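Novice: let's see this in three dimensions:
(one chain, ligands or ions: 1)
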Amino acid sequence: MSTGFFWDERCFWHSGGNYAGTAPVGGLVQPLAAGGLPENPETKRRLRNILDVTGLARALEMSSADPAPRDALLRVHPATYLDAFKAASDAGGGELGLRAPFGPGGYEIAALSAGLSVAALRAVLRGDLRNAYALSRPPGHHCTADFPNGFCLFNNIAVAIHAARAEGLARRVAVLDWDVHHGNGTEAIFADDPDVLTISIHQERNYPLETGDFEDRGSGAGLGANLNIPLPPGTGHAGYLMAMDRLVAPAIRAHAPEVIVVACGYDAGPLDPLGRMLATAETFAAMTDRVMALADDLCAGRLMMAHEGGYSEVYVPFSGHAVLARMAGSGIDAPDPLGDTFARRQPGADHDAMVAARIDAMAQALGV
Ligand SMILES: [Zn+2]
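Specialist: From the prediction side, this is the model:
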C-alpha cells in the first residue's frame, strides 16, 4: 500500500489581506514590497515543487479531492459562521476573526482545504492507502467552532474526524499537533470528547498568548484527553525528541486510537519568522519515525498528516520532504542544505537540561 498526497492548485490561490507579516498595514506599518501575510502560498507550493524535482512525487499517490460539503462543515462549525464567511467571501473577501483574512472565493478554497483532509483521512481508514498527507491550505488548527483565527478558517482536522465518524470509519482518534503554535482550535472543539485525544507540543506563550498551558487537560467527559506540552523558546532536536518519547508516546499508547492524525506544522524550524525553536528537517524526520512506529504498534500503521503552519519559504520544503520520504518509506532524499549549520546551532547543554527538567516535571505530574 502506498502513501497518499492530497493537494490542489486552488489552495495556493487563497489570498490574505493587506498585512506586513502579522501586522495589518496602516498607520506606521509600511506595506511590504513583496509578500504580505507569512501564510502565503510559496511555502506550500515549494514543498509540492521539490517533490517533483527529487522524484519523490512518483512514489506518492497524488490526488485532489472534493470540497468538504456544507453538512460536513456543519458538524464542526455553526451555520451562522458558515453564512457570514460565505457572504463575506462572495462580497470580495474580508476578515471575521483574528488574523484570518481571506480574499474572493475564500470560502470555497477553505472548503476545498478541509476536503483534502477529509479525503486523506477517509482513504487511510478505508485501507485504500497506508498513510496520507493533506497539503491543506488555508491551515486549520487555530480555528474553533465559530472563531477563525491565526490564518485558519475551518478546522480541517476536526472536519475530517467528524466526517470519518459520520461514515462509521473510526471513533477513537489521537491528534498530535507539532506546529510551533498551540492547537487551540482543535483543543476547544474536542475538549469535552473522551474519544479524541488532542496533544499539542508548542512554544509557550507564542500564539495564542492565552492558551496552551500544561494544566489544561480538557473538560467534562473529555477531562484527561487533552495534553499541552509548552516548551521554552530555543528548544531544539533533543528537546523535541524527549517530548515525543517521554510524554507523547505514553499518552497515545494509553489512548489506544484507531488512527493517529498529525497537525503537521513546520514553524518550529530555525528560520521560521513566527517561531523561535530549532527543530530541523532531521527532527521532523525523527518525529515522523516515532509516530509511524506508534501507529504500527497501535493501529495497523494508520496515520494521516495535515499541513498546518511553516513560514520559511526556504526551509519548509526540506522539512516536508523529509516527513514525506519517511511516510512513503522512500530512500529519495532532499539533502538539507542547512543541516550542518543547524546541527551546530542546537541549544547548549544548559538549555537542553532546562527543557529536560520541564519535561520530567510534566511526566511526573502525568504519572508516566
Ligand atoms: Zn503555527
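Novice: ranges for the strands of the stretch 1-150 of the chain?
Specialist: 3-6, 19-20, 23-24, 60-63, 94-95, 101-102, 131-134 (DSSP state E, counting those that start in this stretch).
Novice: can I get the ones you listed in a markdown table including mean pLDDT?
Specialist: Listed next are the strands of the stretch 1-150 of the chain as a markdown table, based on pLDDT from 0 to 100:
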| stretch | mean pLDDT |
| --- | --- |
| strand 3-6 | 98 |
| strand 19-20 | 91 |
| strand 23-24 | 90 |
| strand 60-63 | 98 |
| strand 94-95 | 95 |
| strand 101-102 | 96 |
| strand 131-134 | 99 |
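Novice: please identify which of those strands is closest to Gly320.
Specialist: strand 131-134 (8.5 Å; CB to CB). All C-beta spots, glycine's among them, are computed from the backbone N, C-alpha and C.
Novice: and the residue of this protein nearest the ion?
Specialist: Per CB to the ion, the residue of the chain with the smallest distance to the ion is Gly309, at 2.7 Å.
Novice: next up, the contacts around that residue.
Specialist: Neighbouring residues of Gly309 by CB atoms under 8 Å, 6 or more residues apart in numbering: 39, 139, 151, 179-181, 265-267, 274.
Novice: just to check, Phe85 is in contact with Leu96?
Specialist: Yes. Phe85 lies in contact with Leu96 (CB atoms under 8 Å); the separation is 6.2 Å.
Novice: give me the common contacts of these two.
Specialist: By CB under 8 Å, 6+ apart, the residues touching both Phe85 and Leu96 are Pro148.
Novice: between the two, which is the more surrounded one?
Specialist: Counted by other CB atoms under 10 Å, Phe85 and Leu96 do not tie: Phe85 has more neighbours, with 24 against 18.
Novice: look up the closest residue to the more buried one, ignoring the ones flanking it.
Specialist: Of all residues not flanking Phe85 in the chain, Tyr107 sits nearest, at 5.2 Å (CB to CB, 6 or more residues apart in numbering).
Novice: so that neighbour touches Ser89, yeah?
Specialist: Yes. Between Tyr107 and Ser89 there is a contact under CB under 8 Å: 3.7 Å.
Novice: ok, now which ones touch the residue positioned nearest the centre of the chain?
Specialist: Among the residues of the chain, the one closest to the centroid is Ala263, at 2.7 Å (CA atoms, centre = their mean). For Ala263, the contact set (CB under 8 Å, 6+ apart) comprises 140-141, 157, 175-179, 183, 186, 200, 306, 308.
Novice: just put the residues you listed in JSON lines and tack on secondary structure and pLDDT.
Specialist: Below are the contacts of Ala263 laid out as JSON lines (DSSP: H, G, I helix; E, B strand; the rest coil; pLDDT from 0 to 100):
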{"residue": "Gly140", "secondary structure": "coil", "pLDDT": "98"}
{"residue": "His141", "secondary structure": "coil", "pLDDT": "99"}
{"residue": "Ile157", "secondary structure": "helix", "pLDDT": "99"}
{"residue": "Val175", "secondary structure": "strand", "pLDDT": "99"}
{"residue": "Leu176", "secondary structure": "strand", "pLDDT": "99"}
{"residue": "Asp177", "secondary structure": "strand", "pLDDT": "99"}
{"residue": "Trp178", "secondary structure": "coil", "pLDDT": "99"}
{"residue": "Asp179", "secondary structure": "coil", "pLDDT": "99"}
{"residue": "Gly183", "secondary structure": "coil", "pLDDT": "98"}
{"residue": "Thr186", "secondary structure": "helix", "pLDDT": "99"}
{"residue": "Ser200", "secondary structure": "strand", "pLDDT": "99"}
{"residue": "Ala306", "secondary structure": "strand", "pLDDT": "99"}
{"residue": "Glu308", "secondary structure": "coil", "pLDDT": "98"}
